[in-house]
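K.L.:
Make a model of this:
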Amino acid sequence: MAKQNKKSKIAIVAQHNNLVRSDLAFSTLEAKVFTRLLETIPRDAEQLGQVSLKISDVLGAGTSGKHYKLLHEAIKSLDSRRINLLKVDAGPYDYDSCALFDSMEMKVGQNLIRGEWGKKIQPYLIQLKKGFTLGELDILLNLKSGHSYKLYWVLRSYESLTEFTDTVENLKTILVKKEEGKSDKYAQWNDLKRYVLQPAIDEVKYVSAERGNPMTFDVQLIKQGKKVVEVRFYNIKSANTGSNRNLIQEGQTSSEYASAKADSSQQGSYEGKVAMAYKRLIESYGLTPAQAVQVVENVPQNELWPVMKQLNLDIITNKLHERKQPPVTAGAWSVSLLKQRLNKFLKWPIKDSSEQATLAL
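P.N.:
Below you'll find the predicted structure:
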């Protein structure tokens, strides 16, 4: 069943960030089926087996033969979907995928959709302790496009960092479902922007506002010459996050959070590269404001920036923290690297040997 946010009584569903940010794109109807299936997962499930839902919960009333045909194609597609889940130490020719479902069936006479979740996908749907994203059911079920659906999930997954940047090609892979045997309809940037990205941006903003929790964000197109090569989403924020998990890191007490929030006012006292480092450590590399203050005030700039360059390569370019099994947060990866390379300045305590293994590939 969908989880209930106790404070606001909003029904929510959850996925691990690795799944949210994967190349698992959907058609509109596939997105609705997938969301309804997420809704059936028990909150404290230790394993997933057979899952079922009513066809009428997907199609609603007044269903025609055309609707059943479209749903048949959506179920067939979901049944065949596989997701690339390469490990962090994967080579360029390695391959490691898993099925979304082990089986799927649709019985119109019984008003039934039934299936069984794939075994390898289960850790990305249950027992989620960290590195996961919550989606509001009311918003997800009212989005009319698979592109909008995926963009909403991805933006939510980066809300705690407030921004993310991706190449045009990677963004297309995330948002657009691959159609085997069909030509790429969005090979040109102008087509991708006109038919996929801009409508998805507009719909996410409109539907989230209409359903009572506006998601706001800005978009910047990054060019090389005249060619758009990357898209940056920033100032990502839901009006009612209702989620201290986006503000308070795991294990951080409310008093520590208050202290960290106060430390964020420090940014105004920094200038030049120090200010840039402080901002990037928080927004891109997942440190708390208090941790960022310790770094920029104790580590010489000539020592810090080579490590910042490595963090950018690890977290932004290669997303190693997400590909690690099990995944870790950007903040955990960053802290481990900073301790490994700069602890002669920081003097941060090493909790145990497993912490040093965070970067092990």
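K.L.:
Which pLDDT value goes with the residue nearest the centre of the chain?
P.N.:
Closest to where the C-alpha atoms of the chain average out (Cα atoms, centre = their mean) is residue 157, at 3.5 Å. Residue 157 is assigned 91 on the pLDDT scale.
K.L.:
and the residue lying closest to it once chain neighbours are set aside, which of the three is it?
P.N.:
Excluding the flanking residues, the one nearest residue 157 by Cβ to Cβ, 6 or more residues apart in numbering is residue 133, at 4.2 Å. All C-beta spots, glycine's among them, are computed from the backbone N, C-alpha and C. With DSSP: H, G, I helix; E, B strand; the rest coil as the basis, residue 133 sits in strand.
K.L.:
Number the chain from 261, please
P.N.:
Understood, numbering begins at 261; the last thing we discussed is residue 393.
K.L.:
Report the contact partners of residue 393.
P.N.:
Applying Cβ atoms under 8 Å, 6 or more residues apart in numbering to residue 393 gives the contacts 274-277, 280, 413, 416-417.
K.L.:
Return the closest of those with respect to residue 573.
P.N.:
residue 277 (19.2 Å; Cβ to Cβ).
K.L.:
can you tell me how far the closest one sits from residue 326?
P.N.:
Look at residue 277 and residue 326: by Cβ to Cβ, to the nearest Å, they are 36 Å apart.
K.L.:
ok, now residue 589?
P.N.:
From residue 589 to residue 326 the distance is 45 Å (Cβ to Cβ).
K.L.:
Compare these two (neighbour count), which wins?
P.N.:
Each of residue 589 and residue 326 has its neighbours counted (other Cβ atoms under 10 Å); residue 589 has more, 19 against 8.
K.L.:
Buried residues, stretch 361-369. List them.
P.N.:
361, 364, 366 (16 or more other Cβ atoms under 10 Å).
K.L.:
closest to residue 331 among those?
P.N.:
residue 366 (6.8 Å).
K.L.:
pretty sure that closest one is touching residue 339, no?
P.N.:
No. Counting by Cβ atoms under 8 Å, residue 366 does not reach residue 339; the two are 9.5 Å apart.
K.L.:
roughly how far out does stretch 464-472 sit from the chain middle?
P.N.:
With Cα atoms, centre = their mean, to the nearest Å as the basis, stretch 464-472 stands 19 Å off its chain's centre.
K.L.:
Which residues outside that stretch are in contact with it?
P.N.:
396, 398-399, 402-403, 408, 411-412, 415, 474-477, 498, 500.
K.L.:
Mark which of those residues are part of strands, please.
P.N.:
Those of these mapping onto strands are 396, 475-477, 498, per DSSP state E.
K.L.:
Most neighbours among the contacts of residue 393, which one?
P.N.:
That'd be residue 416 among the contacts of residue 393, by other Cβ under 10 Å, with 26 neighbours.
K.L.:
any idea what sits nearest that one, other than its immediate chain neighbours?
P.N.:
Residue 416 sits nearest to residue 393 (Cβ to Cβ, 6+ apart), 5.0 Å away.
K.L.:
Assign the nearest residue to residue 377 once chain neighbours are set aside to helix, strand or coil.
P.N.:
With Cβ to Cβ, 6+ apart as the measure, residue 308 is the residue that lies nearest to residue 377, at 4.2 Å, once sequence neighbours are left out. At residue 308, secondary structure determined by three-state DSSP is coil.
K.L.:
those strands in the stretch 461-610 of the chain, which residues are they?
P.N.:
For the stretch 461-610 of the chain, strands defined by DSSP state E, counting those that start in this stretch occupy the ranges 475-484, 487-498.
K.L.:
could you measure residue 383 against residue 284, distance?
P.N.:
15 Å.
K.L.:
Between these two, which has more neighbouring residues?
P.N.:
residue 284 (20 against 16).
K.L.:
how near is the more buried one to residue 378?
P.N.:
Residue 284 is 12 Å from residue 378, by Cβ to Cβ.
K.L.:
so what sits against both of these two?
P.N.:
Joint contacts of residue 284 and residue 378 (Cβ under 8 Å, 6+ apart) are residue 360.
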